[in-house]
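Engineer: Show me the folded form of this:
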Amino acid sequence: MISYIAIPIIIIILLYCYKSDYKKGLMASIFCLVLLPKSLAIYLTPEIPSFTVHRIIIVLMLIMWMKSRNSSSLRVGQINFIYILIAISFFSGISALISSNFLISFKRYLYFIFESLIFYIILASSIEDESDFLKLFKVIIASLCVVAFLGIIERYTGFNFTDYLGYKGTYDDLSTLATLQRGTHVSYEHRILLGVAMAIGLFYSLSMIGRVKGKKVFIYWIVSFLLGAMLYFAQSRGPWLAFILSAGLAVAFFNKPLVKRFAILACIVIAVFIIRPGVFSTIEGLYDSTLNPESIKGSSYAWRYQVIQVVTDKIGKSDSLANYFFGFGQGSFAFEKFPLVTLTTGFTVKIESFDCEYAVILLERGYVGLLLVIFLYIVVIKKGVTNYFKYKSMQDISLMSLACVIIIAFMKINVDIYAPQLVYIELLNIAVISRMADIPIESSVSSL
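Structural biologist: All right, here's what the predicted structure looks like:
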């Protein structure tokens, strides 16, 4: 019932923003997409695709985008990486066609087209210059700040507003137990996914300090502490490593201002370890248990490799070459049959979760789909590195977009990215890399 009240109110607010200015409406839409949970939705029947708040917002974005188009607008064929995404979409369609459960796979395919391809086209053709990039990052930071604030409340009180929206499984027509929501997760469904968002937001906030002056510097440091605290409270090793990886990126590119901020943050973390030894003990315990295959954490770490082996065996032993090349269709990990897996702790369990996005991609879309995704990452990261050295005045923006793509690409080894907010954040950053590459160097230099 709450969804039927909240969604119309959100749409009315966004319409007001679009009426004022297209870019203002676009940024307001991004704020909502990064913040809101997919459980805020209108569900009709199993046969009809569910109308999550995200999909309704993207419909609105598409309508407003089409209305704002003019003869001077960037054409779809001119957008960088678009043909790779079209190829991914095309072969994903083949995966859906050969699925043993066509209804689920086809709906998941439609969601992908809408929430990935169309969303990317809207963003990559709408943002135009350095000012737009900065507005985009500020909106993402603001939205993640709200998430972090709600996460702090959930951490200490147990209150999570998504509990009152009802819980929908990861895949339509398939039920998932609410007990899968372990730890503080706010609107991101799982603490690991929340941790990924916080790692990205923390890198952004530290980077943005160099773009502001006066009191705003203090504000961004406060924001950094808030996002950093929530990153810790997520209690997940993967996002911590991902953030360290992003810090290494700043060092590798000799970005002195950002390296100094990371050094300050490191000093603060060390001070916290000294004042609160329990914090260090918690982190040390988590990583020590990772290397112990008989511990719960160690078993969880080893699980990633086990499910990859299960998927490669499933693909390799398939009687159909179509399954080998194109997989078993979207959502297939939930309706295909898999053997029981013996954990390193000695327990034998049924596979209920593939904690590796690449394993899911391989199963659903086959080797063609997986190779296309890897190729997309290679091309995007290469273009991002080129942007960094090409546009001296936007090196911080290049690092922010690169860091996000690398963090998510890394985390896909460790978790299934089923929180749509992270998909949008990733595509937003790919769009920034794409659009930045189209800016004449003269325009970049003149902005100094």
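Engineer: contacts, neighbours, all on C-alpha from now
Structural biologist: Will do.
Engineer: the strands in the stretch 1-150 of the chain, which residues?
Structural biologist: Secondary structure of the stretch 1-150 of the chain (DSSP state E, counting those that start in this stretch): strands at 41-42, 51-52.
Engineer: where does this protein dip in pLDDT?
Structural biologist: Regions of the chain meeting the criterion pLDDT under 70 cover residues 46-47, 71-72, 166-182, 279-303, 340, 342-347, 349, 352, 442-448.
Engineer: isn't I30 right next to I140, touching?
Structural biologist: Yes: the criterion here is Cα atoms under 8 Å, and I30 meets it with I140 at 7.4 Å.
Engineer: Buried deepest among the strands of the stretch 1-150 of the chain, which one?
Structural biologist: Highest mean neighbour count among the strands of the stretch 1-150 of the chain (mean count of other Cα atoms under 10 Å): strand 41-42, with a mean of 20.
Engineer: so what strands line up beside it?
Structural biologist: Applying DSSP bridges, strand 41-42 is found paired with strand 51-52 (antiparallel).
Engineer: Run through who's touching the partner strand.
Structural biologist: 38-43 (Cα atoms under 8 Å, 6 or more residues apart in numbering).
Engineer: neighbouring contacts of stretch 23-42?
Structural biologist: Contacts for stretch 23-42 (Cα under 8 Å, 6+ apart): 3-4, 7, 14-19, 50-54, 57, 61, 126, 135-136, 139-140, 142-144, 146-147, 162, 165-168, 187-189, 419-422, 424-425.
Engineer: Check these for burial and list the buried ones.
Structural biologist: Neighbour counting with 16 or more other Cα atoms under 10 Å marks 3, 7, 14-15, 17-18, 50-54, 57, 61, 126, 136, 139-140, 142-144, 146-147, 162, 165, 167-168, 187-189, 419-422, 424-425 as buried within those.
Engineer: Please report how far K215 lies from R261.
Structural biologist: Distance from K215 to R261, counting by Cα to Cα, to the nearest Å: 17 Å.
Engineer: Give me the more crowded residue out of these two.
Structural biologist: Legend: neighbour count by other Cα atoms under 10 Å for K215 and R261, higher for R261 (17 against 8).
Engineer: Verify the stated contact: that one with L206.
Structural biologist: Yes: using Cα under 8 Å, R261 makes contact with L206 at a distance of 6.7 Å.
Engineer: can you tell me the helix or strand for the closest residue to C404 other than its chain neighbours?
Structural biologist: In this structure, C404 finds its nearest non-sequential neighbour in I200, 5.8 Å apart by Cα to Cα, 6 or more residues apart in numbering. Element membership for I200 (DSSP states H and E) is helix 191-208.
Engineer: just checking, what packs against that helix?
Structural biologist: Packing contacts for helix 191-208, counted by 3 or more Cα pairs under 8 Å, 6 or more residues apart in numbering; DSSP states H and E, involve helix 130-157, helix 215-233, helix 237-252, helix 256-275, helix 395-411.
Engineer: can you put the ones you listed in CSV and add distance to P339?
Structural biologist: Output for the helices and strands packed on helix 191-208, formatted as CSV (distance: least, Cα to Cα, whole Å):
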stretch, distance to P339
helix 130-157, 37
helix 215-233, 35
helix 237-252, 27
helix 256-275, 44
helix 395-411, 26
